[in-house]
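K.L.:
I need the structure of the sequence given here:
(2 chains)
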Amino acid sequence: MGELRTRFGTGLSTVFLVLVLFWLAGMVLAPNLMMIDYALRPNLPPAALGGPDDTYSLSNILYLAGEPTHRAIFIKTIWASGLVALVTFLVCYPIAFWMAQRATVGQLSIALLLIIIPFFINEVLRTLAWFIILSYRGPLNSVLMNIGLIDAPIRWQGDGGVLAAMVYAYILFMLLPIYNAIESLEKAQVEAARDLGASPLRIHTRVVIPHAKAGIATGFVFTFMLAAGSYVAPSLLGSPGSRWFTEIIYNWFFEGGDWNRGAAYALVLLVLCLTVVLVTLRLARVNLADVAK
Amino acid sequence: MSHSVELAGIGMTFGSTRAVSDVSLKVEAGEFFSILGPSGCGKTTILRMIAGFIEPTEGRVMIGDRDMKGLGPNQRPTAMIFQSLALFPLMSVRDNIAFGLEARGVARAARHAKAEELLRLIALDGYGDRMPGELSGGQRQRVAIARALAVEPGVLLLDEPLSALDLKLRQHMRAELRALQKRTGVTFIYITHDQSEALATSDRVAVMSAGLLQQVASPRELYEDPATPFVARFVGETNALPGRITAVEAGRASIETDLGPLTGRAGQGAVAGAPGTIYIRPEALIPGTGENALTARIERVDFEGSFALLHGRFAGGASLAASVPSTRLADAPAPGSSAVFGFAPQHAVVLADG
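P.N.:
Below is the predicted model of the structure:
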């Protein structure tokens, strides 16, 4: 605080502080408090608001527990988001290792450019590109049929399509933290392990991954949260059998007209994400400040 | 089990840079062998070729009479101690030492027993549960040595492992390395740019310059009988006086310099009539007249403790360095005065230039 004042003067630092406080209170705290308020109250016609029925209860949340379809979709969203995070990790780790330890400066800048360029485009458009690639009469099926790998087109859209689009969409959030972590690993560590006779697998499990643990945990947390809260990929690329929990929340708000239940579902998702973040960080013995870096 | 290492005409080219050219030498099994040279002379490249991190672009590396071509660092009977030590910071000291055995599939109990044995060898018993970050520089050094010795290598490769330590500790570790090498009998190949380190520890030393091997000899021979002008100047301090060689006979060479005729031992390539240089060690120059009298003007006296170094210029302009034991400093010429120095012919060497 004192440092802020010496650097920018009293007037400017007050403006900064007010803006930050406004942002925290108005954009972060208030909407969440309102969501909790909505979630705990019943869905009533405007006339009954404030009446004897307008009391706080957990019934909206318990409704989710009692509704088998929604419950199943909720649980599926959790493990599928975990799967997205895992697959994204498996895709990113070798690339990150290569970039951090093996690539020359020229190769590194080309690789970074190739990975970042797609992110210049909006997420919806990127997902639409996957929609086209994976469509029934789309390029992927026609290529596979032309080289004779398959006889009839495959219906990629559904779980597989959602997974592919999400992994693609969140690569950067996994890749950069891991790259940063591995980049700080001294090259001699890998050489020493190799010199002592360790196999590549052991070098990674004993030396590289323990070193990069904070980065990996950060990537997992980011990817999991983004996947669990994703709406575009499942709604564009999903099939009726691969519904995502966010789609149900959307339906409560915009089709079911029950904002209270929608808010309760969103609250459950939020609590779940927070839990996953904290557990992951605890498991990896990383604190939030490390993630923020 | 220690191995010999033979380099047969090895060379290494990185892109358009020639790092090492046609180096051939043989390190005997059980020898403490140093490769000495200024930074960028190719000594680390040679070590990495022996370890297997890089393949020479020409020539062969033989370890224990086996050609190592195509074998990676994990398949060679060598273990390396890195300049940074490269201890694994997230593993305990015990796990660090046992890592090579773990990689070889040795059971937990057996590798821990071996780690304890090595901890005793390096006088760190009881430190097994510590993390490397909790150790002092010298202790980390010893752990790195134990980790390398745990895999029972035939050859231990050391890449300037003492360069991060302070002088006192470095001298102590130097003696400890030497003792450890004698006790284990493992072949040590030691890379250093510090000539006193190489001279004090090694059985034999190879001197390199700009990717070329200059001389392989015992420390004493290197100091007293340098084969090339580079070795004469790089190993120890020296006074170099250029001239023309006038006569070579019975192991003595006479040379006509700006300061008059001088006589020293005839070194390699010294033939009458060729341009040459006489190299005189600072401790060989004795104030007062004698054979080979030289006049010089003293500019500065650097007191080093056990001796003092007199710096100045010879009458011809060449720079002078003469050392005087502290006990005789009172008789030494003072700064600003002129003095006559002499040296015995057997304490100087005459080499042909080029």
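K.L.:
Output the below-cut-off pLDDT ranges for the chain.
P.N.:
You didn't say which chain, so I picked chain A. A:1, A:287-293 (pLDDT under 70).
K.L.:
nope, chain B please
P.N.:
B:289, B:354.
K.L.:
Enumerate every residue touching the residue most central in space within it.
P.N.:
Nearest to the mean C-alpha position of chain B, by Cα atoms, centre = their mean, lies B:Ala198 at 2.9 Å. With contact set as Cβ atoms under 8 Å, 6 or more residues apart in numbering or on different chains, B:Ala198 has these partners: B:Ser34, B:Leu36, B:Tyr190, B:Thr192, B:Val205, B:Pro219. The C-beta positions use only the backbone N, C-alpha and C, and glycine is treated the same way.
K.L.:
Please identify which of these is nearest to chain A.
P.N.:
B:Tyr190 (16.3 Å; Cβ to the nearest Cβ).
K.L.:
Give the burial count for the closest one, as a bare number.
P.N.:
The local packing of B:Tyr190 (other Cβ atoms under 10 Å in any protein chain shown) involves 28 other residues.
K.L.:
What does it show for phi and psi?
P.N.:
phi -120, psi 120 (degrees, to the nearest 10).
K.L.:
which residues touch it?
P.N.:
B:Tyr190 sits next to B:Phe32, B:Phe33, B:Ser34, B:Ile35, B:Leu158, B:Leu177, B:Ala198, B:Thr201, B:Ser202 when contact means Cβ under 8 Å, 6+ apart.
K.L.:
Was I right to think the third one contacts B:Ala200?
P.N.:
Read it as B:Ser34. No. Using Cβ atoms under 8 Å, B:Ser34 is not in contact with B:Ala200, being 9.7 Å away.
K.L.:
More neighbours: which of these two?
P.N.:
B:Ser34 (28 against 14).
K.L.:
Checking my notes, the more buried one in a strand, right?
P.N.:
Yes. The assignment for B:Ser34 is a strand, going by DSSP: H, G, I helix; E, B strand; the rest coil.
K.L.:
would you turn the contacts of B:Ala198 into a markdown table with distance to A:Gly215?
P.N.:
Output for the contacts of B:Ala198, formatted as a markdown table (distance: Cβ to Cβ, whole Å):
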| residue | distance to A:Gly215 |
| --- | --- |
| B:Ser34 | 40 |
| B:Leu36 | 41 |
| B:Tyr190 | 37 |
| B:Thr192 | 37 |
| B:Val205 | 45 |
| B:Pro219 | 48 |
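K.L.:
which one of those residues sits closest to B:Asn74?
P.N.:
Within the set of the contacts of B:Ala198, B:Tyr190 lies nearest B:Asn74; the separation is 22.1 Å, counting by Cβ to Cβ.
K.L.:
Close to chain B: what parts of the stretch 101-250 of chain A are there?
P.N.:
Contact residues of the stretch 101-250 of chain A with respect to chain B, defined by Cβ under 8 Å from any Cβ of the partner chain, are listed as A:186, A:188-189, A:191-199, A:202, A:206-207, A:210-211.
K.L.:
if we go to 10 Å?
P.N.:
A:185-200, A:202-203, A:206-207, A:210-211, A:213 (Cβ under 10 Å from any Cβ of the partner chain).
K.L.:
Quick check: the farthest pair among the contacts of B:Tyr190?
P.N.:
Comparing all pairs in the contacts of B:Tyr190 by Cβ to Cβ, the longest separation belongs to B:Ile35 and B:Leu177, at 15.0 Å.
K.L.:
So if I had to pick from those two, which one is more boxed in?
P.N.:
Just comparing B:Ile35 and B:Leu177: by other Cβ under 10 Å the higher neighbour count belongs to B:Ile35, 28 against 23.
K.L.:
Wait, that one touches B:Cys41, no?
P.N.:
Yes. Here B:Ile35 reaches B:Cys41: they are 8.8 Å apart, a contact under Cβ atoms under 10 Å.
K.L.:
Which residues are in contact with each of these two?
P.N.:
With contacts defined as Cβ atoms under 10 Å, 6 or more residues apart in numbering or on different chains, the residues shared by B:Ile35 and B:Cys41 are B:His193, B:Val207, B:Met208, B:Leu213.
K.L.:
quick check, nearest of those to chain A?
P.N.:
The nearest member of the shared contacts of B:Ile35 and B:Cys41 to chain A, counting by Cβ to the nearest Cβ, is B:His193 at 18.2 Å.
K.L.:
The closest one and B:Leu36 touch, don't they?
P.N.:
Yes. Between B:His193 and B:Leu36 there is a contact at 7.1 Å, judged by Cβ under 10 Å.
K.L.:
quick check, distance from stretch A:26-34 to the centre of its chain.
P.N.:
If you compare the mean C-alpha spot of stretch A:26-34 with that of the full chain, they lie 21 Å apart, counting by Cα atoms, centre = their mean, to the nearest Å.
K.L.:
Report the contact partners of A:Leu90.
P.N.:
A:Val167, A:Met174.
K.L.:
Surely it is in a helix?
P.N.:
Yes. Under the criterion used here (three-state DSSP), A:Leu90 sits inside a helix.
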